[in-house]
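Engineer: Quick one: sequence plus predicted model below, questions after.
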Amino acid sequence: MTNAAFATPTSTHVEPIPVAAILPWAVFAGLMLLLTVYFVGAEEGATSLIGGSFVHEFVHDGRHLLGFPCH
Amino acid sequence: MVGNLLLRGMMVGVLAGLLAFGFAKVFGEPWVEYAIAFEESASHASGAHGEAEEPEIVSRSTQAGAGLFTGLVVYGAAAGGLFALAFAFANGRLGSMSPRSTAALLAALGFVTVVLIPQLKYPANPPAVGSADTIGARTELFFAMLAFSIALMAASVMAARRLAERFGDWNGATAAGLLYLAVVAVMFAALPNIEEIPASFSPAALWNFRMASIGVQAVLWAAVGLGFGAATEYAARSARPPARAAHAAASR
């Protein structure tokens, strides 16, 4: 019982969020966010969803500097 | 709960993108400019067929300004959001770590997984480096490497948890880390190399560009991990004011 005096006042025990509560968010938000990364990183490079080359040209420098294969 | 984390991650990601933009502008853009000047002089020298006649859809100043800004901030928001989802899974499941330590560890692992490992094999290329004929194959290899790297890291973290239960935290994490490195080494040896650097392209410019590229990502991931951890701790503390009052009373 004397050990209780040495317990840190702010415990590091963290209750994990149940996987079932995360999964819907992970699936839908994850998909949208990956699509966003795709538009910055790869659209109109090797593959193209909307055609043209404006997206590619506009984010050109960012794409090179983030390390994506650009052209 | 998860929605709050996601929003926090994306907001921190936008801030991280701003910092990464500042870094990219100062340390990255000079080498992009060098590469574009190299590309233009090379296509003039070869008789200016096709490439030099290409109409400019977006001006260079827009590419290096608003375009770079948008690219990095949007990428930052997306990376921050994905980070928050990973944090939702990891928090409370990696031993007895505080949320702030979990966020920092997760960002370090994310940087290794998404940036360092793929880039050690397939480093960032400035304009003029890389042949247009191989962009399809290079893109496939890059994203295959990225997907494999993420899957491997997820499996290693799960293995580390199992091993830690049996052999202790440090032994378990070290064993899982060694397994991870062994698989990475095999993957590096198995995947094809890409060597398409023009002979007269300055090696120093290429090195500086690649270091700047890793630097941009390092700034982004550090800002996401440390910013997210700080914001999470602040939110938890302001949600429990009585605990802080009790703590203050106890320390008096």
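Structural biologist: Everything's here; your move.
Engineer: Dump stretch B:112-119 to PDB, restricted to CA.
Structural biologist: The C-alpha trace of stretch B:112-119 is given here as PDB (Å, rounded to 0.1, in the frame of the first residue of the first chain):
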ATOM      1  CA  VAL B 112      10.700   5.600 -42.100                       C
ATOM      2  CA  THR B 113       7.900   3.600 -43.800                       C
ATOM      3  CA  VAL B 114       6.500   6.200 -46.300                       C
ATOM      4  CA  VAL B 115       9.700   8.200 -47.000                       C
ATOM      5  CA  LEU B 116      13.000   6.800 -46.000                       C
ATOM      6  CA  ILE B 117      12.700   3.100 -47.100                       C
ATOM      7  CA  PRO B 118      11.000   3.800 -50.500                       C
ATOM      8  CA  GLN B 119      13.400   6.700 -51.200                       C
END
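Engineer: Could you confirm whether that stretch reaches chain A?
Structural biologist: Yes - using C-beta under 8 Å from any C-beta of the partner chain, stretch B:112-119 reaches chain A at B:115, B:118-119. Yep, even glycine has a C-beta here, placed from its N, CA and C like the rest.
Engineer: how far does that stretch sit from the chain's center?
Structural biologist: Distance of stretch B:112-119 from the chain centroid (C-alpha atoms, centre = their mean, to the nearest Å) equals 7 Å.
Engineer: Name the residues that touch it?
Structural biologist: Stretch B:112-119 is contacted by residues A:67, B:79, B:142, B:145-146, B:149-150, B:152-153, B:184, B:210, B:213-214, B:217-218, B:221 when judged by C-beta atoms under 8 Å, 6 or more residues apart in numbering or on different chains.
Engineer: hmm, try it at 6 Å
Structural biologist: Residues outside stretch B:112-119 that contact it (C-beta atoms under 6 Å, 6 or more residues apart in numbering or on different chains) are A:67, B:145-146, B:149-150, B:153, B:217.
Engineer: Get me the contact residues on chain A for chain B.
Structural biologist: Taking C-beta under 6 Å from any C-beta of the partner chain as the measure of proximity, chain A contacts chain B at A:9, A:12, A:14-17, A:22, A:25-26, A:29-30, A:33, A:36-37, A:40, A:45-46, A:54, A:57-62, A:64-65, A:67, A:69, A:71.
Engineer: related to what we said a few turns ago, please convert the contacts of stretch B:112-119 to JSON lines, extending it with distance to residue B:110.
Structural biologist: Shown next, in JSON lines, are the contacts of stretch B:112-119 (distance: C-beta to C-beta, whole Å):
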{"residue": "A:67", "distance to residue B:110": "14"}
{"residue": "B:145", "distance to residue B:110": "15"}
{"residue": "B:146", "distance to residue B:110": "12"}
{"residue": "B:149", "distance to residue B:110": "11"}
{"residue": "B:150", "distance to residue B:110": "9"}
{"residue": "B:153", "distance to residue B:110": "8"}
{"residue": "B:217", "distance to residue B:110": "10"}
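Engineer: Mind putting the residues you listed into JSON lines with secondary structure, distance to residue B:34 and pLDDT?
Structural biologist: Putting the contacts of stretch B:112-119 into JSON lines (DSSP: H, G, I helix; E, B strand; the rest coil; distance: C-beta to C-beta, whole Å; pLDDT from 0 to 100) gives the following:
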{"residue": "A:67", "secondary structure": "coil", "distance to residue B:34": "18", "pLDDT": "91"}
{"residue": "B:145", "secondary structure": "helix", "distance to residue B:34": "27", "pLDDT": "92"}
{"residue": "B:146", "secondary structure": "helix", "distance to residue B:34": "27", "pLDDT": "92"}
{"residue": "B:149", "secondary structure": "helix", "distance to residue B:34": "30", "pLDDT": "94"}
{"residue": "B:150", "secondary structure": "helix", "distance to residue B:34": "32", "pLDDT": "94"}
{"residue": "B:153", "secondary structure": "helix", "distance to residue B:34": "34", "pLDDT": "96"}
{"residue": "B:217", "secondary structure": "helix", "distance to residue B:34": "20", "pLDDT": "97"}
